[in-house]
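Asker: Quick one: sequence plus predicted model below, questions after.
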Amino acid sequence: MSLQTILAQSSTPYQRLPPLKVKVIALQSQMKVSAWEFAEGEARPLKVHNSCTAAVSDRVSVTKFILFQNLADKIVEGGSYIIKNYSVSKNGVRRSMLSCQDTNIFHTSLVEVPANVEEEGRNMICPPSQKLSLKDITANRDGFITVEGCVTSISKIMQIISQHGPPVPLANIRLKEGEVEVKVCLWRKATMVDLCVGTPCKMTHLRIKNSPEYGFFAAQHKLFRGENDNQADQGVNQRILR
């Protein structure tokens, strides 16, 4: 059965999906924080776990595969595998594969994937991000963007009530490029980045939409400090620009 057919099926309780032969196109591991502790204007992670997302393809289709960390240690980018005992997410425009407690992964012969499908898979894990000057940012711009600037102020961390879970941390900074200065709200793990006034920053993968309460809302980011891109914070968090 093809990956496309499996993803199109309706999920049912105790459903056993057929083994799937796929190639791992791209792989990303990151730390997830499910609970925070707040004290004296600071926040620290209280409950942490590691998560791994892979882009996999059966030659024709490509999707995300969310893995437990112990399973992620068994695969590498470019490797081909047979996956047994997995499930499929119930919601979303593009459904994903999910690992289970009894998921098994076995090495297999190479799955040849066309270049266009490989590119689609890599873009799932790390989409293109267009570099823009702060002066060129508009509320109706689609896609991901990259911005640079210098930190001019930093607020204390605030505790924000979440609609879908425990409270999350939020801190405000101001970022300046040339004569343009914007407010940047650092959400969740972004508040853990070690910043100080005068720090030059490069932020990639910002997605902007108009938010009546906060201004421009950025759904995903990577942060680079200074001129060395190897200092990147590779976590996926939420940011707001206004």
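Answerer: Sure, I can see it.

Asker: For burial, what's the neighbour tally of Thr138?
Answerer: 9 (other CB atoms under 10 Å). (Glycine included, C-beta is placed from N, CA and C.)

Asker: for Ala8, same thing?
Answerer: Residues within reach of Ala8, counting by other CB under 10 Å, total 11.

Asker: And it, how close does it get to Thr63?
Answerer: For Ala8, the distance to Thr63 equals 11 Å [CB to CB, to the nearest Å].

Asker: which one's the longest strand in the protein?
Answerer: Taking DSSP state E as the criterion, the chain has its longest strand at strand 20-39.

Asker: same for that one, what does it pack against?
Answerer: helix 3-8, strand 42-57, helix 69-72, strand 80-88, helix 115-125, strand 168-177 (3 or more CB pairs under 8 Å, 6 or more residues apart in numbering; DSSP states H and E).

Asker: how is this structure carved up into domains?
Answerer: Using automatic domain parsing, the domain parsing of the chain gives 3-125, 130-241.

Asker: Check the gap between the residue sitting furthest away from the middle of the chain and Ile157 for me.
Answerer: In the chain, counting by CA atoms, centre = their mean, Glu179 sits farthest out from the average C-alpha position, at 31.1 Å. Shown here: Glu179 relative to Ile157, a distance of 29 Å by CB to CB.

Asker: Report the helix or strand with the lowest average pLDDT across this protein.
Answerer: Across the helices and strands of the chain, the lowest-confidence element by mean pLDDT, DSSP states H and E is strand 239-241, at a mean of 41.

Asker: tell me the phi and psi of Asp136?
Answerer: Main-chain torsions, Asp136, degrees, to the nearest 10: phi -100, psi 0.

Asker: need the contact list for it.
Answerer: Contact partners of Asp136, counting by CB atoms under 8 Å, 6 or more residues apart in numbering, are absent.

Asker: what's the pLDDT at it?
Answerer: Note on Asp136: pLDDT of 86.

Asker: With the one 3 residues further on instead?
Answerer: Per-residue confidence (pLDDT) for Ala139: 70.

Asker: so where is this protein shaky, pLDDT-wise?
Answerer: Flagging of the chain using pLDDT under 70 yields the residue ranges 10-14, 91-93, 209-242.

Asker: Kindly provide the distance from the closest residue to Ser96 other than its chain neighbours to Ala54.
Answerer: The shortest distance from Ser96 to any non-neighbouring residue, by CB to CB, 6 or more residues apart in numbering, is to Lys64 (4.2 Å). According to CB to CB, Lys64 and Ala54 sit 7 Å apart.

Asker: One more: Trp187?
Answerer: In terms of CB to CB, Trp187 sits 25 Å off from Ala54.

Asker: what does Ile157 give?
Answerer: Distance from Ile157 to Ala54, by CB to CB: 33 Å.
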